[in-house]
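Undergrad: This is a predicted model, with the sequence first.
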Amino acid sequence: YIPANRTDHIQAQVDLIDEVLKWAGVATATNVVDVGCGIGGSSRHIARKYNAKANGITLSPYQANRGNELAKEQGMADQTNFQVADALDMPFKD
């Protein structure tokens, strides 16, 4: 799958996320947990796309801090949150 308007690696990542959501039949989302979120690009995209809340977890303090900085810069600090946590012991309710 290579769209004709592919321009850069960021757009390629967005295209991949959108294709996976489409394949999974996701039509709406209100709350998202992104395990292994990195600096939160996928979380921010999904939160923006569905007007959802997104919580990302990563093992890296640098990545969590950078994700929160980017969310603030993009006006998404109220929609997204990134924190250091272990996927086997997540700090969220079931």
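TA: That came in fine, so what should we check first? Residues are numbered from 1 along each chain as shown.

Undergrad: Centroid-nearest residue for this structure?
TA: Nearest to the geometric centre of the chain sits S43, at 1.2 Å (Cα atoms, centre = their mean).

Undergrad: Off-centre distance for the helix or strand encompassing it?
TA: S43 is located in helix 41-50, with elements delineated by DSSP states H and E. Chain-centre distance of helix 41-50: 5 Å, with Cα atoms, centre = their mean, to the nearest Å.

Undergrad: do stretch 20-34 as well
TA: Counting by Cα atoms, centre = their mean, stretch 20-34 comes out at 11 Å from the chain centroid.

Undergrad: Also stretch 52-64?
TA: 8 Å.

Undergrad: in that stretch, what counts as buried?
TA: For stretch 52-64, the neighbour count (16 or more other Cβ atoms under 10 Å) marks A52, K53, A54, N55, G56, I57, T58, Q63, A64 as buried. From N, CA and C alone the C-beta is placed, and that goes for glycine too.

Undergrad: before we move on, back to that, now what about the helix holding S43, what contacts it?
TA: With contact meaning Cβ atoms under 8 Å, 6 or more residues apart in numbering, helix 41-50 is reached by 10, 13-14, 17-18, 21, 28-30, 32, 34, 37, 52-56, 67, 70-71, 74, 76, 79-80, 82.

Undergrad: now do 10 Å
TA: The contact list for helix 41-50, computed with Cβ atoms under 10 Å, 6 or more residues apart in numbering, reads 10, 13-14, 16-18, 20-21, 26-34, 36-37, 40, 52-57, 67, 70-71, 74-76, 78-82.

Undergrad: Fine, thanks again, bye for now.
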